[in-house]
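S.K.: how would this look folded up:
(2 chains)
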Amino acid sequence: MPANASPEHQRLIAKLESIGTLTREERLAIAALPLRPKQVPENSDIVRDGDAPSESCLLVEGFLCRYKMLPDGGRQILAIHTPGDIPDLQSLQLKVMDHSLGTLTPCRVAFVAHKDLHEITLRYPGITALFWRDTLIDAAIFREWLTGVGRRTAHQRIAHLICEIHVRLKVVGLADNGGFNLPITQAELADSLGLSTVHVNRVLQDLRRDGLIESRGKYLAVNDWRALEAAGGFDPRYLHVL
Amino acid sequence: MNLILQPVMVDTGEEGEGCLVFAEGWLVAVLVRLSETHEDAAGFWFLEKGFGRLDRPDPPIFSDLPQAEQWIKEHLEIRRPPRWPGDRGEV
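M.R.: Below you'll find the model as predicted:
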């Protein structure tokens, strides 16, 4: 890690190094990428469906989600993002947003101008390859979510999502084997998994009663990883972490 | 439209109090009373399952049975959209 890298740059480097390798020169180039940090309150939009942004958003702390709103007011959360992610990296190539990006919790983010992203990707093919790999993993996660919404039971969906978030936070050093902070509401879980809040609550009660998880305020303790993994039919291969 | 509510036990892993809702002899919904584990919504009635026009991905919660009945009647009275050219739909 370059000694002069800011916490925001360090987060991005750690994320990219969790899915691939960077040379010293590439790490230095990322550490020099101009970033505009910003604190964003919970339940705020970063970029909206139909916008044509000129910058992308690196998540430094907190949880972001990508979502679509339906005409009747229903919301489908398409993805939950963890620190180190650039959820709207696609806007570098796809100019008009086809969904919205918002905060689930108070978030620290850092904006990076598309012109700077273009420049770094032109100069460093290794970085381009890692960004590409990241968007491919993003698509792999979508496939897994689609499979869940279409074919997994409520129990499997919730256990699977807890496993996924746990692994993703662990690879960027924000969780240990014991658990992680999950300040996400049951309504947000319901919107992510195509379930009602009633079903989410029932399943969480079941998982607690069976000793798989335990809630301590915002902290979710994973007491029996193997059982949780089995309950969700979770196989971390689709996350393609190194 | 008259609704008939028939008490029934429903295996949801909760206390089980529920009712079948019939409209004109047709089973249209199953309502379940939410237990204490639902905190703010405890004691409310949940549309555990709606059939036909009442089937939806995000089923609603009602504070009491009259509210549930009102919602069910309103949604049963929405005209079904035409399914083929020339079909006028049904009430």
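S.K.: quick one: pLDDT of B:Arg79?
M.R.: As predicted, B:Arg79 sits at a pLDDT of 62.
S.K.: can you check the one 4 residues further on too?
M.R.: Model confidence at B:Arg83, given as pLDDT, is 67.
S.K.: Give me the pLDDT for the closest residue to A:Tyr67 other than its chain neighbours.
M.R.: Of all residues not flanking A:Tyr67 in the chain, A:Ile77 sits nearest, at 4.8 Å (CB to CB, 6 or more residues apart in numbering or on different chains). Using the backbone N, CA and C atoms, a C-beta is placed for each residue, glycine as well. A:Ile77 is assigned a pLDDT of 98 by the prediction.
S.K.: count of neighbours near A:Ile77?
M.R.: Residues contacting A:Ile77 under the criterion other CB atoms under 10 Å in any protein chain shown number 21.
S.K.: ok, which residues in chain A are in contact with chain B?
M.R.: For chain A, the residues in contact with chain B (CB under 8 Å from any CB of the partner chain) are A:74, A:190, A:194, A:196-198, A:201-202, A:205-206.
S.K.: which of the residues you listed tops the neighbour count?
M.R.: A:Val198 (24 neighbours).
S.K.: just the helices in chain A please.
M.R.: A:7-19, A:24-31, A:114-123, A:125-151, A:154-171, A:186-193, A:197-209, A:225-232 (DSSP state H).
S.K.: right, and those helices - which one's nearest B:Asp55?
M.R.: Closest approach to B:Asp55 among the helices of chain A (CB to CB): helix A:197-209, 15.1 Å.
S.K.: all helices of chain B, in order?
M.R.: B:65-76.
S.K.: What residue, apart from its backbone neighbours, is nearest B:Leu47 spatially?
M.R.: Residue nearest to B:Leu47 in three dimensions, not counting chain neighbours: B:Pro59, with 3.9 Å by CB to CB, 6+ apart.
S.K.: residues contacting the one you found?
M.R.: By CB atoms under 8 Å, 6 or more residues apart in numbering or on different chains, B:Pro59 lies in contact with A:196, A:198, B:46-50.
S.K.: Could you export those residues to CSV, including columns for pLDDT and distance to A:Ala5?
M.R.: Below are the contacts of B:Pro59 laid out as CSV (pLDDT from 0 to 100; distance: CB to CB, whole Å):
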residue, pLDDT, distance to A:Ala5
A:Ser196, 96, 44
A:Val198, 97, 46
B:Phe46, 97, 50
B:Leu47, 98, 52
B:Glu48, 97, 53
B:Lys49, 97, 54
B:Gly50, 97, 54
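S.K.: mind listing which of these are in strands?
M.R.: Among those, the residues falling in strands (DSSP state E) are B:46-50.
S.K.: Closest to chain A out of those?
M.R.: Distances from chain A to the ones in strands among the contacts of B:Pro59, taken as CB to the nearest CB, are shortest for B:Phe46 (5.0 Å).
S.K.: can I assume the closest one is in contact with B:Val30?
M.R.: No - the criterion here is CB atoms under 8 Å, and B:Phe46 misses it with B:Val30 at 9.4 Å.
S.K.: okay, the two: which has more neighbours?
M.R.: Neighbours of B:Phe46 and B:Val30, each counted by other CB under 10 Å, are more numerous for B:Phe46; the result is 24 against 19.
S.K.: Quickly list what that one is bridged to.
M.R.: Here B:Phe46 sits in beta bridges with B:Val32, B:Ile61, as judged by DSSP bridges.
S.K.: Next, the contact list for it, please.
M.R.: With CB under 8 Å, 6+ apart, B:Phe46 has these contacts: A:196, A:198, B:31-34, B:59-62.
S.K.: sorry, back to before: mind putting the helices of chain A into CSV with distance to B:Ile4?
M.R.: Below are the helices of chain A laid out as CSV (distance: least, CB to CB, whole Å):
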stretch, distance to B:Ile4
helix A:7-19, 58
helix A:24-31, 67
helix A:114-123, 62
helix A:125-151, 35
helix A:154-171, 30
helix A:186-193, 31
helix A:197-209, 24
helix A:225-232, 39
